[in-house]
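>>> fold the following and give me the result.
(chains A and B)
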Amino acid sequence: MKIATFNINGVKARIGALSDWLAASKPDVALLQEIKSIDENFPREHFEDMGYIVETHGQKGFNGVAILSKIPLEDVTRGLPGDEDDPQARWIEATVMGDTPVRVCGLYLPNGNPVTLNDDGSPVEGGKYAYKLNWMERLYQRAQHLLNDEMPALMAGDYNIIPQPEDAKRPEAWREDALHRLPSRAAFRRIQNLGFTEAFRATTLGEGHYSFWDYQAGAWERNDGIRIDHFLLTPQCADLLSGCWIESEVRGREKPSDHVPVWVDLAA
DNA sequence: ATGGCCGGTGGAACCGGA
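So this is what the prediction gives:
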């Protein structure tokens, strides 16, 4: 079973490129972020006509996540638990009913910039960086529950986290950015340390592997990228892992997103 | 972070993104 995560940066703007990618690369399951659409405006029938089941969790203007699946889904839930008042659509999960059922969670983790800090270095309450860290604490809680369920499960999407300096072409430029500063990476590592496998680094070492290139300043042409789209697998899911790769060539196509798809292949 | 961006909103600039 091949599962891809892809921050599409707007379903309306990406309908052509996204459809071409689906038809050519044929994911069994696609976890989409930044659909930037309310559920009613998502082109559901278009993707159903391509053979996909469509589940969305959108909002007006920004954010929004979706699951496209050729395999039946069960128990779809929307929204990351832990804050009933959070209006931002950044989380959707479902069980993919293949030979081995797998719980898949699609996420769009907050960017967190600008970083605003109090004199003691703590994040300013109500600021974007505090929201990011609070969201990651909720993610930690959800991750613990997924582990306790002891079924194959994964959390995949745009984490807006550069896990290590080698995951950026110019790490010095990102050193104190919300995507890379130590508290951000520590929060990501804390979740991993519960027992999750970061699929890409389980299969590929070294520099030069990125999943995002800015639209500005010729970033793609200079391979000036960062790796911020990730798969975290529970132990039961990691046992099924047979491959993980980044489909970077998608970034060079017509009207691309600024992110590219990241894939896992599971023996499920 | 930057070389000169992109998408959405609403109907012009502005916000958000990374």
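
>>> in what helix or strand does A:Leu107 lie?
Assigned by DSSP states H and E, A:Leu107 falls within strand A:102-108.

>>> can you give me the end-to-end span of stretch A:40-52?
17 Å (CA to CA, to the nearest Å).

>>> how many residues are close by A:Ala23?
Neighbourhood size, A:Ala23 [other CB atoms under 10 Å]: 10. C-beta here means a position set from N, CA and C on the backbone, and glycine is covered the same way.

>>> might one say that it is in contact with A:Met50?
Yes: contact criterion CB atoms under 8 Å: A:Ala23 and A:Met50 qualify, at 7.0 Å.

>>> which ones are touching A:Leu179?
A:Leu179 makes contacts with A:Asn111, A:Gly112, A:Asn113, A:Asn160, A:Ile161, A:Ile162, A:Ile226, A:Ile228, as judged by CB atoms under 8 Å, 6 or more residues apart in numbering.

>>> excluding covalently adjacent residues, which one is nearest to the third one?
Closest residue to A:Asn113 apart from its sequence neighbours, by CB to CB, 6 or more residues apart in numbering: A:Ala178 at 4.5 Å.

>>> burial count for the one you found?
Neighbour count for A:Ala178, taken as other CB under 10 Å: 23.

>>> equivalent analysis for A:Pro114, please.
By other CB under 10 Å, the residues close to A:Pro114 number 11.

>>> packing partners for the one helix or strand A:Leu154 maps to?
Element membership of A:Leu154, judged by DSSP H and E, is strand A:153-158. Other helices and strands packing on strand A:153-158, by 3 or more CB pairs under 8 Å, 6 or more residues apart in numbering; DSSP states H and E, are strand A:2-7, strand A:29-33, strand A:102-108, helix A:128-149, strand A:229-233, helix A:235-238, strand A:262-266.

>>> in the first one, what counts as buried?
Using 16 or more other CB atoms under 10 Å as the burial criterion, the residues of strand A:2-7 that qualify are A:Lys2, A:Ile3, A:Ala4, A:Thr5, A:Phe6, A:Asn7.

>>> need those residues in TSV with distance to A:Ile246, can you?
Listed next are those as TSV, based on distance: CB to CB, whole Å:
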residue	distance to A:Ile246
A:Lys2	14
A:Ile3	14
A:Ala4	10
A:Thr5	10
A:Phe6	11
A:Asn7	13
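
>>> which one of those sits closest to DNA strand B?
Nearest to DNA strand B, judged by CB to the nearest atom of the strand, of the buried residues of strand A:2-7 is A:Asn7 at 5.8 Å.

>>> how many other residues sit next to A:Glu166?
A:Glu166 has 15 neighbours, counted by other CB under 10 Å.

>>> so which strand or helix has A:Val76?
Element membership for A:Val76 (DSSP H and E) is strand A:73-78.

>>> partner strands of the helix or strand following that strand and their direction?
Going down the chain from strand A:73-78, the next helix or strand is strand A:91-96, by DSSP H and E. Strand A:91-96 has the following sheet partners, assigned by DSSP bridges: strand A:73-78 (antiparallel), strand A:102-108 (antiparallel).

>>> hey, which of these is tucked in deepest?
strand A:102-108 (a mean of 25; mean count of other CB atoms under 10 Å).

>>> list, one by one, the residues from chain A near DNA strand B.
Selection of chain A residues close to DNA strand B by CB under 7 Å from any atom of the strand yields A:7, A:9-14, A:34, A:36-37, A:60-63, A:110-111, A:113, A:128, A:158, A:160, A:170, A:173, A:177, A:179, A:212, A:214-219, A:221-222, A:224, A:226, A:228, A:255, A:258.

>>> so A:Thr77 sits against A:Arg103, correct?
No: using CB under 8 Å, A:Thr77 is not in contact with A:Arg103, being 10.1 Å away.

>>> what sits against the residue nearest the centre of chain A?
With distances taken as CA atoms, centre = their mean, A:Gly157 lies nearest the centre of chain A, 0.8 Å away. Residues near A:Gly157 by CB under 8 Å, 6+ apart: A:Thr5, A:Asn7, A:Leu31, A:Gln33, A:Val65, A:Cys105, A:Gly106, A:Leu107, A:Tyr108, A:Leu109, A:Asp229, A:His230.
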